[in-house]
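> This is the structure alone, sequence omitted:
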C-alpha cells in the first residue's frame with residue numbers, strides 16, 4: 001500500500017489526481033508484468049515465492065525499530081509497551097529471525 005501512495009506525494013502539485021494515480025499503479029504493476037513476460041506462466045509461482053521470501057527476510061528489519069520506538073518511555077509516554085509485551089514481541093522477532101536464518105543457511109551449502 002505505501003509503495004503505491006509514496007510516489008503520489010512528490011508529484012501532487014505537478015499533475016492531476018487521476019494521472020498521478022494511473023502512473024503510480026502502472027509503476028507498481030510493472031515488475032510483475034516483466035516477471036510474467038520473462039518467466040512465463042510457470043514462473044509466476046516462483047516469483048510469488050521469491051517475493052514472500054524477501055518479505056520474510058525484511059520483516060525483522062522493520063519490527064526491531066518499531067519495538068525500540070514503542071518501548072521508549074520518553075517517546076511514548078503513557079502508551080509505552082509494558083514489560084510483558086516487550087518480552088513477547090522480542091521473542092516473536094527473534095523466533096522469526098532464527099527461522100529465517102535456518103531456512104536461508106541451506107541455500108549457501
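In hand now; what should we look at? None of the values given here were measured: they were computed from a predicted structure.

> pLDDT value on the residue most central in space within the chain, please?
For the chain, the residue nearest the mean C-alpha position is residue 55 (5.4 Å; CA atoms, centre = their mean). Confidence at residue 55, expressed as pLDDT, is 88.

> what do you get for residue 42?
In this model, residue 42 is scored at 82, pLDDT.

> separation between it and residue 78?
Distance, residue 42 to residue 78, using CB to CB, to the nearest Å: 54 Å. C-betas here are computed from N, CA, C, even on glycine.

> any idea how far residue 22 is from the residue lying closest to residue 70 once chain neighbours are set aside?
Spatial nearest neighbour of residue 70, excluding adjacent residues (CB to CB, 6 or more residues apart in numbering): residue 81 at 5.1 Å. Shown here: residue 81 relative to residue 22, a distance of 41 Å by CB to CB.

> More neighbours: these two, which one.
Using other CB atoms under 10 Å as the criterion, residue 81 and residue 22 rank with residue 81 on top: 18 against 12.
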